[in-house]
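Asker: Model the following, please.
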Amino acid sequence: MRECKISNNKAGCNCTYEPCSRKGICCECIKYHRDAGELPACYFPTEVERTYDRTVERFISACGKKQR
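Answerer: Now for the predicted structure:
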């Protein structure tokens, strides 16, 4: 099994929810949000992440507007 590089992960984490116990532990973060029917902060642009609306619908709304 691979070693989790928590400090590296934290450096790239854009989650603004400060009391989060899963920061830098991506596998736990993804599981937590998936179980809640959501996506983690790293899927969202900064301005959307700050709203804490992590729904799939909000992701599609925010990211679906991008030109390909």
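Asker: Just the C-alphas of the regular element (helix or strand) spanning residue 61, formatted as PDB.
Answerer: Per DSSP states H and E, residue 61 falls inside helix 56-63. Only the C-alpha atoms of helix 56-63 are listed here, as PDB (Å, rounded to 0.1, in the frame of the first residue of the first chain):
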ATOM      1  CA  VAL A  56     -22.900  17.500  -8.000                       C
ATOM      2  CA  GLU A  57     -25.400  19.900  -9.400                       C
ATOM      3  CA  ARG A  58     -23.300  22.900  -8.200                       C
ATOM      4  CA  PHE A  59     -20.200  21.200  -9.800                       C
ATOM      5  CA  ILE A  60     -22.000  20.900 -13.100                       C
ATOM      6  CA  SER A  61     -23.300  24.400 -12.900                       C
ATOM      7  CA  ALA A  62     -19.800  25.800 -12.100                       C
ATOM      8  CA  CYS A  63     -17.600  23.700 -14.300                       C
END
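Asker: in that helix, what counts as buried?
Answerer: Of the residues in helix 56-63, 58-59, 62 count as buried by neighbour count, 16 or more other Cβ atoms under 10 Å. Heads up, the C-betas are built off the backbone N, CA and C, glycines and all.
Asker: Dump those residues to JSON lines, plus pLDDT.
Answerer: Conversion of those to JSON lines gives the following (pLDDT from 0 to 100):
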{"residue": "58", "pLDDT": "95"}
{"residue": "59", "pLDDT": "94"}
{"residue": "62", "pLDDT": "91"}
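Asker: Residue 46: neighbouring residues, count only.
Answerer: 9 (other Cβ atoms under 10 Å).
Asker: In what element of secondary structure is the closest residue in space to it that isn't next to it in sequence found?
Answerer: Nearest non-adjacent residue to residue 46, counting by Cβ to Cβ, 6 or more residues apart in numbering: residue 14, 6.0 Å away. For residue 14, there is no enclosing helix or strand under DSSP H and E.
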